[in-house]
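Peer 1: no sequence on this one, just coordinates:
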């Protein structure tokens, strides 16, 4: 068996990967020493205090189940607390050994073996074994599931603490799909418990392997979690985490100022500006691999739609003053882009955004037979980003494309994207990890979890690159897909989001930016309150 680090993440150098493998072995050694470590931690003090998050979306129970992950980063806000993965991004290592202490790939690229951490127990006391890993993979139905199920020939339990994945053919992206938060397939749930209560009940009473146990969930109000003192990595510092759904941004900020919340997400525009002047709270911008864009939903519903003309789609792109929106909404922290693939992703094609040129936009509309513009209907948008879309709609209206903003609660918006029920324009975005192939799989192929696009040429190129082991040939194919999406103006790309978060005076360690590129606080066992 040989390790092949090149196939894992663009940012993961051979040295980093070997360091990760060594840390996996070290982690295994540390596990055997765990009783002594646990005693030492007990002497330092038990978890204490309560830390509260003011969250910018209504919390959906589907996000408590790794099997439901749909290609966005939001569920990982909760998965990092309740659950654990074989491998996951952690501070200093984008593919950190977690429930797997080490892993290897066969020379022919057809077999992947994972050695599992021993002595770990689920929150209900069930032991963690390879049975749970196989079960979690088989029940996974989120983003990337069709690709994973098609490529994986068999999942074999070698021993209770070793599991083997057999592929039909070499697949360079297996680890990217399985061992990063590009999908939730590698996040583990307990087989016996889940089979006993069923998937619907599991969302109401999730049991995991993470640093925090589920205590209570009040729909639309809050999620309460309590420290898992037996967590294998370390005992959490904070005893209780409370995640409150606070859709109103001004209320999130007020809670932070009153010390009713210790961390607040999504303080856009003038609200975030206050963090530069108020010493009582700190603005902590995060730039995840989070691209955002609009998609022409009507074009895929109705071949007679004005959006069916490429010139109209280009006109919409020229109409948007992205930099002005960036300054107003994200204080200039976002990075403008002409692509839905983050620049830091492996195989990303750097594409400049369309210039702001309303005169050119009007000219293209006239050439396309819409000298007076047209009614573009509603644009369904995730509520926290309604301000961004309102600014875009204002720019579109200025050139004659008349649209209206339809703010939606995030879970409802995600469901509408998945089920393709939005009829006119739709806001999309993702901060999930992965590479260009994982992002295109979810949003630009005909089988994608949230893709509106059905294009035989794109599908053919995607299938071709998926089994191509020559990196240069593979990159060329993925670049062709990205270039075609750009040339045909299939989207209105906005930016790589500068996500404005903040922490209050009680927070010693907010957890923001500890995990590189991760949008939220984490790891939760590392967050701390001031003593």
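Peer 2: Here it is on my side, so go on. Because the structure is a prediction, the values reported are computed rather than measured.
Peer 1: in the stretch 251-400 of the chain, which spans are helices?
Peer 2: 270-273, 297-301, 310-319, 322-330, 358-367, 386-398 (DSSP state H, counting those that start in this stretch).
Peer 1: Residue 97 and residue 87 touch, don't they?
Peer 2: Yes - using CB atoms under 8 Å, residue 97 makes contact with residue 87 at a distance of 6.4 Å. Using the backbone N, CA and C atoms, a C-beta is placed for each residue, glycine as well.
Peer 1: Now do the shared contacts for these two.
Peer 2: Common contacts of residue 97 and residue 87 (CB atoms under 8 Å, 6 or more residues apart in numbering): residue 103.
Peer 1: Just give me how far stretch 393-408 sits from the chain centre.
Peer 2: The gap between where stretch 393-408 is centred and where its chain is centred comes out at 27 Å by CA atoms, centre = their mean, to the nearest Å.
Peer 1: got the end-to-end distance for it?
Peer 2: Stretch 393-408 has its terminal residues 16 Å apart, counting by CA to CA, to the nearest Å.
Peer 1: Next, the buried residues of it.
Peer 2: Buried residues in stretch 393-408, counting neighbours by 16 or more other CB atoms under 10 Å, are found at 393, 395-396, 399-401, 403, 405-408.
Peer 1: mind giving me a markdown table with those residues and columns for pLDDT?
Peer 2: Below are these laid out as a markdown table (pLDDT from 0 to 100):
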| residue | pLDDT |
| --- | --- |
| 393 | 98 |
| 395 | 98 |
| 396 | 98 |
| 399 | 98 |
| 400 | 98 |
| 401 | 98 |
| 403 | 97 |
| 405 | 98 |
| 406 | 97 |
| 407 | 96 |
| 408 | 96 |
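Peer 1: Going by distance to residue 322, which of those wins?
Peer 2: residue 395 (9.1 Å; CB to CB).
Peer 1: pLDDT value on the nearest residue to residue 391 once chain neighbours are set aside, please?
Peer 2: Nearest residue to residue 391 in three dimensions, chain neighbours excluded: residue 325, at 4.6 Å (CB to CB, 6 or more residues apart in numbering). Residue 325 is assigned a pLDDT of 97 by the prediction.
Peer 1: For residue 325, which residues are in contact?
Peer 2: By CB under 8 Å, 6+ apart, the neighbours of residue 325 are 388, 391-392, 494.
Peer 1: Of all pairs in these, which one spans the longest distance?
Peer 2: Applying CB to CB across the contacts of residue 325, the maximum distance is between 391 and 494, 10.1 Å.
Peer 1: Those two: who's more crowded?
Peer 2: residue 494 (28 against 20; other CB atoms under 10 Å).
Peer 1: which element is that one on?
Peer 2: According to DSSP states H and E, residue 494 maps onto strand 491-496.
Peer 1: Remind me what that strand packs against, helices and strands.
Peer 2: Here strand 491-496 touches strand 291-295, helix 310-319, helix 322-330, strand 335-336, helix 386-398, going by 3 or more CB pairs under 8 Å, 6 or more residues apart in numbering; DSSP states H and E.
Peer 1: Can you list the strands that the fourth one pairs with?
Peer 2: Strand partners for strand 335-336, identified by DSSP bridges, are recorded as strand 491-496 (antiparallel).
Peer 1: ok and the partner strand relative to strand 291-295, angle-wise?
Peer 2: 160 degrees (axes from the mean of the first three to the mean of the last three CA atoms, to 10 degrees).
Peer 1: gap between whichever helix or strand comes after strand 491-496 and the chain center?
Peer 2: As assigned by DSSP H and E, the chain's next helix or strand after strand 491-496 is strand 502-503. With CA atoms, centre = their mean as the basis, strand 502-503 stands 20 Å off its chain's centre.
Peer 1: for stretch 328-342, same thing?
Peer 2: Taking mean C-alpha positions (CA atoms, centre = their mean), stretch 328-342 and its chain are 16 Å apart.
Peer 1: how about the strands in the stretch 1-150 of the chain?
Peer 2: 50-55, 87-90, 93-97, 100-105, 111-116 (DSSP state E, counting those that start in this stretch).
Peer 1: Let me have the ones you listed in TSV, extended by mean neighbour count.
Peer 2: Shown next, in TSV, are the strands of the stretch 1-150 of the chain (neighbours: other CB atoms under 10 Å):
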stretch	mean neighbour count
strand 50-55	24
strand 87-90	24
strand 93-97	23
strand 100-105	22
strand 111-116	21
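Peer 1: what sits up against the strand holding residue 494?
Peer 2: So strand 491-496 is contacted by 287, 289-296, 313, 316-317, 320, 322, 325-326, 330, 334-340, 342-343, 351, 353, 388, 392, 428, 485 (CB under 8 Å, 6+ apart).
Peer 1: how many neighbours does residue 370 have?
Peer 2: Residue 370, neighbours per other CB under 10 Å, totals 18.
Peer 1: How about it, nearest residue that isn't a chain neighbour?
Peer 2: That would be residue 306: by CB to CB, 6+ apart, it lies 6.2 Å from residue 370.
Peer 1: how near is the one you found to residue 434?
Peer 2: 33 Å (CB to CB, to the nearest Å).
Peer 1: which of these two has more neighbours?
Peer 2: Shown here are residue 306 and residue 434; by other CB under 10 Å, residue 434 has more neighbours (27 against 23).
Peer 1: That one is in contact with residue 182, isn't it?
Peer 2: Yes - look at residue 434 against residue 182 with CB under 8 Å: they come within range, at 3.1 Å.
Peer 1: Now do the shared contacts for the two.
Peer 2: residue 176.
Peer 1: Now stretch 278-291: average pLDDT?
Peer 2: 90.
Peer 1: correction: stretch 461-471
Peer 2: Mean predicted lDDT for stretch 461-471 stands at 93.
Peer 1: Which residues belonging to it are considered buried?
Peer 2: Under 16+ other CB under 10 Å, the buried positions of stretch 461-471 are 461-462, 465-468.
Peer 1: Residue 136 - how many residues pack around it?
Peer 2: Neighbour tally, residue 136, other CB under 10 Å: 24.
Peer 1: That one and residue 67 touch, don't they?
Peer 2: Yes - if you go by CB under 8 Å, residue 136 and residue 67 touch, sitting 7.4 Å apart.
Peer 1: Need the residues touching each of these two.
Peer 2: residue 189.
Peer 1: which residues touch residue 322?
Peer 2: 336, 353, 356, 494-495.
Peer 1: Can you say which of these are buried?
Peer 2: 353, 356, 494-495.
Peer 1: Closest one of the residues you listed to residue 109?
Peer 2: residue 495 (36.2 Å).
Peer 1: If you drop the residues flanking it in sequence, what lies closest to the closest one?
Peer 2: Counting by CB to CB, 6+ apart, residue 334 is the residue found nearest to residue 495 once chain neighbours are left out, at 4.0 Å.
Peer 1: Give me the residue at the spatial middle of the protein.
Peer 2: residue 73 (2.0 Å; CA atoms, centre = their mean).
Peer 1: Can you get me a residue count around the residue lying closest to that one once chain neighbours are set aside?
Peer 2: Distances taken as CB to CB, 6+ apart place residue 431 nearest to residue 73, at 3.6 Å, with adjacent residues excluded. Residue 431: 24 surrounding residues under other CB under 10 Å.
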